[in-house]
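Peer 1: show me how the following folds:
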Amino acid sequence: MAVRLFEGKEHASSYLKYRLTPPEELISKILTFLKTHNGSLRELAVDVGCGSGQGTVLLAPHFTQVVGTDISPAQLEQAVKHNSAPNISYRECPAEELPFENGSVDLVTAMSAYHWFDHPRFLQEVDRILKPKGCLAILNYSLDIELSYGDCSKELNHICKEFHDILRSHQHSYLGSGSRVLYEQTYNSMQYPVKEWEPSYWVSQLVPLSRYIGMVESFSSYQLLLEKDPEEARRVSTDITQRLLSAMKVTSIETQVTMAVRYFYVLACKPSAQ
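Peer 2: From the prediction side, this is the model:
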């Protein structure tokens, strides 16, 4: 795996608590793509870079067996602790060295993880383990998160943009110009003839303001700032929180806001013969 992050126990716990669960409508799109190009075969799905398993559990009702893989023992500990589905198991391994037989997997997913992999090696490994007509789904969301509350939404989003711009200056160098660019480049260079690219898919949900703050604090850019300058990281987060509360004219960070998140994704189907 190209980059190792999210491995501390405290960060893994925060990741489980605050990170977005992939929306059901995106899972539905993946399953529809799979059914369209692979018929009804749903024996084995592998969720790579599964973290604490939020996306892995969503696959369980649709496959005979689901395996989540991650390189972080702390993340897998959280995943195992909060999994009750009997057909899910977890394996500790790099994304580029997946412990599955050639041509044995119906679906490979990477939900908000692909950008941290060694991309050519991962895609080569995916091609190895996928069955003919097996499918790959890689998805992520951008920092262009929007908040809505009463008549102050414009001000809230101005504050959020400031928060995100500060964190972009601490973004891990491996991400280069951003993960969305990487996903689009992956789509364009992928040799599978059957593929889809969705650059902008918005999903909205009602959440407490604390969920938005906690989610942003779980981002790698905030964690890198926290490691480098804990006092500055906490100052920035506290300042942003207070400004949001002031704009909303409320005092509780448990006040509900509408949070809109922009996802992007690549879907691809391995040919029946290569």
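Peer 1: only C-alpha atoms from now on, for both contacts and neighbour counts.
Peer 2: Noted.
Peer 1: name the nearest residue to residue 43, sequence neighbours excluded.
Peer 2: Nearest residue to residue 43 in three dimensions, chain neighbours excluded: residue 64, at 4.8 Å (CA to CA, 6 or more residues apart in numbering).
Peer 1: with residue 113 instead?
Peer 2: Closest residue to residue 113 apart from its sequence neighbours, by CA to CA, 6+ apart: residue 49 at 5.5 Å.
Peer 1: what bridges to residue 46?
Peer 2: Beta-bridge pairing for residue 46 (DSSP bridges): residue 67, residue 108.
Peer 1: for the remainder of this discussion, apply numbering that starts at 3.
Peer 2: OK, 3 is where the count begins now, so the last one is residue 48.
Peer 1: so how many other residues sit close to it?
Peer 2: Look at residue 48: counted by other CA atoms under 10 Å, it has 28 neighbours.
Peer 1: do the one 3 residues further on as well
Peer 2: Residue 51 has 28 neighbouring residues, counting by other CA under 10 Å.
Peer 1: got the contact list for it?
Peer 2: Counting by CA atoms under 8 Å, 6 or more residues apart in numbering, residue 51 makes contact with 70, 71, 72, 73, 97, 112, 113, 115, 116.
Peer 1: the residues you listed in strands, which ones?
Peer 2: 70, 71, 72, 112, 113 (DSSP state E).
Peer 1: re the thing from before, ok, the residue nearest to residue 45 touching residue 44?
Peer 2: Yes. Applying CA atoms under 8 Å, one finds residue 66 in contact with residue 44, separated by 6.7 Å.
Peer 1: the two: who's more crowded?
Peer 2: More crowded of residue 66 and residue 44, by other CA under 10 Å: residue 44, with 19 against 15.
Peer 1: hang on, the more buried one in a helix?
Peer 2: No. Going by DSSP: H, G, I helix; E, B strand; the rest coil, the assignment for residue 44 is coil, not a helix.
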